[in-house]
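[1] pasting the sequence and the predicted model now:
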Amino acid sequence: MKKGVLLLNLGTPDDVKVNSVRRYLREFLTDPRVIDLPFLARYILVFCAILPFRPFKTAKAYRKIWKEDSPLRIFTLKTKKLLSKQLDDSYHVEYAMRYGAPSIASIVSKFQNCDELTILPLFPQYSSAATGSAIEKTLKEVGKLWNIPNIKVISQFYNDDGFIHASTQHIQNHIKDQETFILFSYHGLPERHIKKSGCTLMCSGSKQCPKISDKNTWCYRAQCYATTRLISDKLALKPDTFMTSFQSRLGKTPWIQPYTDHVLQELRQKGVKNLTIVSPSFVADCLETLEELAIQLKEEWIALGGTSCTVIPCLNTNTLWINALSAMIKKGGIMAESLNDRCVGAQV
């Protein structure tokens, strides 16, 4: 049996030119799962308020971190190659980006002769904006195949044992000062996305989310807190030595809190001097980790009077992480299901 594996990441521009960044942002921001407003409102916001200005700022940020290619594409490709070596010859592994290259449409045809396809978005915590969009687009493209394989989807792995173990060991290996305060900074989401997920608890402000239950199963914020809880327990951290926060908010609409940049000020007011930042919502370094955290937030911390700020790299090509990926794929994942009927529907 030939088994296909498709690793999905968010995306990246082709290069750091403003036009390339604008093209990438246009594809990204016009996705109704990302900016979930009525079409006309989304169109006006993106084409009148964002695209005329934002690409210049974003291109400048990309130039600070760009190597021979986008770090996100580099690390995702390396992950694909390492995973291919980890799995046996019955597996065919590919990767694609939800936005940008390589596109999902350009890769799916490579699974034409597979009997089974595992779709694995590389986002530990589920969100409709990232995970949901990537899965929806993939199913649409798979639905165009003449031979549609059995399909499994791993839609979340925020509490996967292998992921937690790899993350814990990775953090331990990078902690330079045992007296440091650890900030778990996750990518943010508009609060309305949490409401749409069906969460009936709707925790606000800096209040921690309770453990996952049938009341918050698909709540992104609750899954982030669950990841922090599992890692901090493994690290045996004291309650007053770590915190969870959310970064990368855009616009004036309310986003989930507490905000990472606001937390920095609060920590300084409490006398914290040495800070370590880790972002378990990303498994590959990208603009949000390399520029927003490792450059912007680090500079802000020092400007606030902090003594040191260490930003721990993402798992990237960590051996334990590759092992965890392999194990998830072999066991079918936490949330695996047969989706053939959906694909057939997408084809009609």
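    Done, it's in.
[2] strands of the protein, start to end?
    3-12, 91-100, 116-121, 150-153, 181-187, 242-247, 274-278, 308-311 (DSSP state E).
[3] adding mean neighbour count, write those strands out as JSON lines.
    Bear in mind the C-beta positions are built from the backbone N, C-alpha and C, glycine included. Output for the strands of the chain, formatted as JSON lines (neighbours: other CB atoms under 10 Å):
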{"stretch": "strand 3-12", "mean neighbour count": "24"}
{"stretch": "strand 91-100", "mean neighbour count": "22"}
{"stretch": "strand 116-121", "mean neighbour count": "24"}
{"stretch": "strand 150-153", "mean neighbour count": "20"}
{"stretch": "strand 181-187", "mean neighbour count": "24"}
{"stretch": "strand 242-247", "mean neighbour count": "22"}
{"stretch": "strand 274-278", "mean neighbour count": "22"}
{"stretch": "strand 308-311", "mean neighbour count": "19"}
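[4] out of the ones you listed, nearest to Lys207?
    Closest approach to Lys207 among the strands of the chain (CB to CB): strand 242-247, 10.8 Å.
[5] neighbours around the closest residue to Leu290 other than its chain neighbours, how many?
    Excluding the flanking residues, the one nearest Leu290 by CB to CB, 6 or more residues apart in numbering is Ile65, at 4.2 Å. Neighbourhood size, Ile65 [other CB atoms under 10 Å]: 19.
[6] again, but for the one 10 residues further on
    Taking other CB under 10 Å as the criterion, the count of residues near Phe75 is 22.
[7] contacts only, for it.
    Listed by CB atoms under 8 Å, 6 or more residues apart in numbering, the contact partners of Phe75 are 284-285, 314, 316-317.
[8] just these now: which is nearest Asp89?
    Using CB to CB, the contacts of Phe75 come closest to Asp89 at Thr317, 21.5 Å.
[9] what sits against the closest one?
    By CB under 8 Å, 6+ apart, the residues touching Thr317 are 75, 78-79, 82.
[10] same check, this time on Tyr220
    Under the criterion of CB under 8 Å, 6+ apart, the contact partners of Tyr220 comprise 125-127, 189, 193-194, 197, 256.
[11] Phe184 and Pro124: what is the separation?
    In this view, Phe184 and Pro124 are 12 Å apart by CB to CB, to the nearest Å.
[12] residues that sit against both of the two, list them.
    With CB under 8 Å, 6+ apart, Phe184 and Pro124 have common neighbours 227, 280.
[13] out of the contacts of Phe75, which end up buried?
    284-285, 314, 316 (16 or more other CB atoms under 10 Å).
[14] Val21 reaches Lys57, doesn't it?
    No - Val21 is beyond contact range of Lys57, at 9.3 Å (criterion: CB atoms under 8 Å).
[15] ok, back up a step: how about the strands of the chain, which one is nearest Ser109?
    strand 91-100 (10.2 Å).
[16] other SSEs contacting the closest one?
    strand 3-12, helix 18-29, helix 71-86, helix 104-108, helix 133-142 (3 or more CB pairs under 8 Å, 6 or more residues apart in numbering; DSSP states H and E).
[17] 10 Å - rerun?
    In terms of contacts (3 or more CB pairs under 10 Å, 6 or more residues apart in numbering; DSSP states H and E), strand 91-100 is packed against strand 3-12, helix 18-29, helix 71-86, helix 104-108, strand 116-121, helix 133-142, helix 319-331.
[18] distance to Phe157 and mean pLDDT added to those, as TSV?
    Below are the helices and strands packed on strand 91-100 laid out as TSV (distance: least, CB to CB, whole Å; pLDDT from 0 to 100):
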stretch	distance to Phe157	mean pLDDT
strand 3-12	12	98
helix 18-29	23	98
helix 71-86	14	98
helix 104-108	20	98
strand 116-121	8	97
helix 133-142	14	98
helix 319-331	6	97
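[19] turn the ones you listed into JSON lines, including distance to Ser155.
    Converted to JSON lines, these look like this (distance: least, CB to CB, whole Å):
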{"stretch": "strand 3-12", "distance to Ser155": "11"}
{"stretch": "helix 18-29", "distance to Ser155": "20"}
{"stretch": "helix 71-86", "distance to Ser155": "18"}
{"stretch": "helix 104-108", "distance to Ser155": "16"}
{"stretch": "strand 116-121", "distance to Ser155": "7"}
{"stretch": "helix 133-142", "distance to Ser155": "7"}
{"stretch": "helix 319-331", "distance to Ser155": "11"}
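[20] relative to Ile171, which of these is closest?
    Proximity to Ile171 (CB to CB) singles out helix 319-331 among the helices and strands packed on strand 91-100, at 11.6 Å.
[21] distance from the chain centre to that closest one, please.
    Counting by CA atoms, centre = their mean, to the nearest Å, helix 319-331 is centred 17 Å from the centre of its parent chain.
[22] cool, and stretch 189-205?
    Chain-centre distance of stretch 189-205: 18 Å, with CA atoms, centre = their mean.
[23] gap between the two ends of that stretch?
    Terminal residues of stretch 189-205 are spaced 13 Å apart (CA to CA, to the nearest Å).
[24] name the residues that touch that stretch?
    For stretch 189-205, contacts defined as CB atoms under 10 Å, 6 or more residues apart in numbering pick out 33-37, 125-130, 132, 207, 209-210, 213-225, 246, 248-251, 253-258.
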